[in-house]
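>>> sequence unknown, structure follows:
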């Protein structure tokens, strides 16, 4: 199976060379556990290799995403400025809509709040690699059944567009929708922050739950976030 680099060399070595081409990965985890950074690594590497990349940003303005990437040693701004990286400003649209709701008393829920499938119309035909961060904002008013139907169709649509994609979902949204997103995607990565029971020191972990047709490590991988992004740590001796 053809693959793309994850942007984290050690992760590539643990999953047969990278993420499967033209498939969708789901990254879920707690707040502050590194979900977005996993996605930025993929986007940065894709841009470096000449791929047309896109971020659908539902929770941050474009400038904040660029600044975060730069703080981690990923110079994606130049790709954004030359057009090889698109950042779709769903976040700004949502904030404008919220102001209109307050100003005019609009009570109906519009597409930006509950229509996952509407994301497909926002993706140009020449995109190779896609990051959606975060789909949780679409799930606030959805039943698990409605979410599953839309999410299945969304992932199918990504496949028809030959996208290699990553969808990020926070744990609260994943719990709210019954954790059913994992069944629709090709692979699942979970990030977490845990306290060491002996030292009380907080640590970050990345766990590869599944990637079809791929050998994966069974144990969670401990990592830190430094000026170069995600760096895996050696397994502690017992």
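Good, I have the coordinates. Just so you know, these numbers come straight off a predicted model, no measurement behind them. Numbers count the residues shown, from 1 in each chain.
>>> quick one: buried residues of the helix or strand where residue 230 lies?
Using DSSP states H and E, residue 230 maps to strand 229-232. Under the neighbour-count criterion of 16 or more other C-beta atoms under 10 Å, strand 229-232 has 229-230, 232 buried. The way it works is simple: take the backbone N, C-alpha and C, and place the C-beta from them, glycine included.
>>> give me the neighbour count for residue 9.
Number of residues near residue 9 (other C-beta atoms under 10 Å) recorded here: 12.
>>> could you list the low-pLDDT ranges of this structure?
Residue ranges of the chain with pLDDT under 70: 91-113, 236-238.
>>> ranges for the helices of it?
For the chain, the helices defined by DSSP state H cover 9-14, 35-48, 62-71, 77-82, 90-104, 111-114, 144-160, 171-176.
>>> looking at those, which is buried most?
Mean neighbours per residue, mean count of other C-beta atoms under 10 Å, is largest over the helices of the chain for helix 35-48, with a mean of 23.
>>> elements contacting it?
Under the contact criterion of 3 or more C-beta pairs under 8 Å, 6 or more residues apart in numbering; DSSP states H and E, helix 35-48 touches strand 3-4, strand 24-29, strand 53-57, helix 62-71, strand 129-133, strand 164-170, strand 187-195, strand 229-232.
>>> could you export those as TSV, including distance to residue 121?
Shown next, in TSV, are these (distance: least, C-beta to C-beta, whole Å):
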stretch	distance to residue 121
strand 3-4	24
strand 24-29	18
strand 53-57	11
helix 62-71	19
strand 129-133	13
strand 164-170	15
strand 187-195	25
strand 229-232	32
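>>> out of those, flag the one nearest residue 141.
Ranking those by distance to residue 141, with C-beta to C-beta as the measure, places strand 164-170 first at 15.8 Å.
>>> still on that earlier bit, make a markdown table out of the helices of the chain and add distance to residue 126.
Listed next are these as a markdown table, based on distance: least, C-beta to C-beta, whole Å:
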| stretch | distance to residue 126 |
| --- | --- |
| helix 9-14 | 25 |
| helix 35-48 | 13 |
| helix 62-71 | 19 |
| helix 77-82 | 14 |
| helix 90-104 | 20 |
| helix 111-114 | 24 |
| helix 144-160 | 15 |
| helix 171-176 | 30 |
